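> Got a predicted structure here, sequence first:
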Amino acid sequence: MYKVSDTKICPHCTASTLIKNGFTANRKQQFYCKTCTKRCIDFYTNNGYGKEINAHIVMLIKEGMGIRSMARVLCISTTTLLKRILFIAKGVQSPPIYSGQIYEVDEMRTFFKA
(Lines give C-alpha, C1' and ligand atoms only; values in the text may rest on other atoms or scores of the structure.)
Protein backbone atom coordinates (compact mmCIF):
# COMPACT_ATOMS: atom_id res chain seq x y z
CA MET A 1 0.00 0.00 0.00
CA TYR A 2 1.37 3.40 -0.90
CA LYS A 3 0.26 6.95 -0.29
CA VAL A 4 -0.57 9.14 -3.25
CA SER A 5 1.09 12.09 -1.53
CA ASP A 6 4.42 10.21 -1.48
CA THR A 7 4.47 9.22 -5.15
CA LYS A 8 2.49 12.12 -6.71
CA ILE A 9 1.27 9.64 -9.36
CA CYS A 10 -2.40 9.26 -10.31
CA PRO A 11 -3.66 5.74 -9.56
CA HIS A 12 -6.06 5.93 -12.53
CA CYS A 13 -3.86 7.10 -15.41
CA THR A 14 -0.35 6.95 -13.83
CA ALA A 15 0.35 10.57 -14.76
CA SER A 16 2.25 12.86 -12.44
CA THR A 17 -0.17 15.79 -12.71
CA LEU A 18 -1.83 15.59 -9.28
CA ILE A 19 -2.74 18.68 -7.32
CA LYS A 20 -4.25 18.96 -3.85
CA ASN A 21 -8.01 19.42 -3.90
CA GLY A 22 -9.30 19.87 -0.36
CA PHE A 23 -10.33 17.29 2.20
CA THR A 24 -13.03 14.63 2.42
CA ALA A 25 -15.64 14.40 5.19
CA ASN A 26 -13.26 12.05 7.04
CA ARG A 27 -10.54 14.73 6.95
CA LYS A 28 -8.37 12.92 4.38
CA GLN A 29 -6.40 14.81 1.75
CA GLN A 30 -8.03 14.68 -1.68
CA PHE A 31 -6.14 15.03 -4.97
CA TYR A 32 -7.25 15.99 -8.49
CA CYS A 33 -5.57 14.74 -11.66
CA LYS A 34 -5.26 17.34 -14.43
CA THR A 35 -4.80 14.63 -17.06
CA CYS A 36 -7.76 12.30 -16.48
CA THR A 37 -9.84 14.78 -14.38
CA LYS A 38 -10.48 12.17 -11.66
CA ARG A 39 -10.15 12.57 -7.93
CA CYS A 40 -8.38 10.26 -5.51
CA ILE A 41 -7.75 10.13 -1.79
CA ASP A 42 -4.33 10.07 -0.19
CA PHE A 43 -4.81 6.74 1.61
CA TYR A 44 -7.84 4.44 1.37
CA THR A 45 -8.84 2.61 4.56
CA ASN A 46 -12.01 0.81 3.44
CA ASN A 47 -10.91 -2.84 3.43
CA GLY A 48 -14.12 -4.12 1.83
CA TYR A 49 -13.37 -2.84 -1.65
CA GLY A 50 -9.73 -3.75 -2.14
CA LYS A 51 -8.56 -5.24 -5.43
CA GLU A 52 -7.68 -8.64 -3.96
CA ILE A 53 -10.75 -8.99 -1.70
CA ASN A 54 -12.85 -10.79 -4.35
CA ALA A 55 -10.26 -13.55 -4.75
CA HIS A 56 -10.15 -14.04 -0.97
CA ILE A 57 -13.95 -14.20 -0.79
CA VAL A 58 -14.14 -16.83 -3.54
CA MET A 59 -11.42 -18.91 -1.86
CA LEU A 60 -13.19 -18.81 1.52
CA ILE A 61 -16.55 -19.70 -0.03
CA LYS A 62 -14.96 -22.74 -1.70
CA GLU A 63 -13.61 -23.78 1.71
CA GLY A 64 -17.16 -23.67 3.09
CA MET A 65 -16.65 -20.85 5.56
CA GLY A 66 -19.72 -19.03 6.89
CA ILE A 67 -20.62 -15.40 6.26
CA ARG A 68 -19.84 -14.12 9.76
CA SER A 69 -16.58 -16.05 9.90
CA MET A 70 -15.49 -14.66 6.53
CA ALA A 71 -16.35 -11.12 7.63
CA ARG A 72 -14.34 -11.57 10.81
CA VAL A 73 -11.30 -13.01 8.98
CA LEU A 74 -11.35 -10.34 6.25
CA CYS A 75 -12.01 -7.52 8.77
CA ILE A 76 -15.07 -6.21 6.90
CA SER A 77 -18.73 -5.97 7.84
CA THR A 78 -21.20 -8.74 6.99
CA THR A 79 -23.26 -6.29 4.92
CA THR A 80 -20.25 -5.39 2.77
CA LEU A 81 -19.37 -9.06 2.41
CA LEU A 82 -22.87 -9.94 1.21
CA LYS A 83 -22.77 -7.08 -1.32
CA ARG A 84 -19.40 -8.34 -2.62
CA ILE A 85 -20.74 -11.92 -2.89
CA LEU A 86 -23.72 -10.70 -4.94
CA PHE A 87 -21.39 -8.65 -7.16
CA ILE A 88 -19.18 -11.71 -7.75
CA ALA A 89 -22.22 -13.92 -8.41
CA LYS A 90 -23.49 -11.58 -11.15
CA GLY A 91 -20.21 -12.06 -13.02
CA VAL A 92 -20.36 -15.87 -12.96
CA GLN A 93 -21.38 -17.34 -16.30
CA SER A 94 -23.26 -20.61 -16.50
CA PRO A 95 -21.54 -23.37 -18.49
CA PRO A 96 -22.98 -24.21 -21.91
CA ILE A 97 -25.40 -27.14 -21.98
CA TYR A 98 -25.52 -29.02 -25.26
CA SER A 99 -28.42 -31.20 -26.41
CA GLY A 100 -27.78 -34.88 -26.90
CA GLN A 101 -25.33 -35.07 -23.98
CA ILE A 102 -25.72 -36.92 -20.69
CA TYR A 103 -25.24 -34.85 -17.54
CA GLU A 104 -25.03 -36.00 -13.95
CA VAL A 105 -26.43 -33.83 -11.15
CA ASP A 106 -24.88 -34.14 -7.71
CA GLU A 107 -27.64 -32.60 -5.60
CA MET A 108 -30.96 -31.32 -6.79
CA ARG A 109 -33.80 -29.82 -4.81
CA THR A 110 -37.33 -29.49 -6.07
CA PHE A 111 -40.11 -27.67 -4.28
CA PHE A 112 -43.77 -28.41 -4.82
CA LYS A 113 -46.57 -26.08 -3.83
CA ALA A 114 -49.47 -27.84 -2.15
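Cool, the structure landed. Since we're looking at a predicted model, the values are computed, not measured.
> Give me the buried positions along the least confident helix or strand in the chain by mean pLDDT.
Across the helices and strands of the chain, mean pLDDT, DSSP states H and E gives its lowest value to helix 4-7, namely a mean of 80. Across helix 4-7, burial judged by 16 or more other CB atoms under 10 Å covers residue 4. Glycine gets a C-beta too; all of them are placed from N, C-alpha and C.
> which other helices and strands contact it?
On a contact count with 3 or more CB pairs under 8 Å, 6 or more residues apart in numbering; DSSP states H and E, helix 4-7 meets strand 29-33.
> what about the strands in the chain?
Along the chain, counting by DSSP state E, strands occupy 18-23, 29-33, 39-41.
> Tell me which other helices or strands the first one touches.
Just to be clear, that refers to strand 18-23. Here strand 18-23 touches strand 29-33, going by 3+ CB pairs under 8 Å, 6+ apart.
> Columns mean neighbour count, mean pLDDT and distance to residue 88 on top of the strands of the chain, output as JSON lines?
Shown next, in JSON lines, are these (neighbours: other CB atoms under 10 Å; pLDDT from 0 to 100; distance: least, CB to CB, whole Å):
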{"stretch": "strand 18-23", "mean neighbour count": "12", "mean pLDDT": "91", "distance to residue 88": "32"}
{"stretch": "strand 29-33", "mean neighbour count": "18", "mean pLDDT": "92", "distance to residue 88": "29"}
{"stretch": "strand 39-41", "mean neighbour count": "16", "mean pLDDT": "89", "distance to residue 88": "25"}
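> Residue 102 is nearest to which of the ones you listed?
Of all the strands of the chain, strand 39-41 sits nearest to residue 102, with 53.3 Å by CB to CB.
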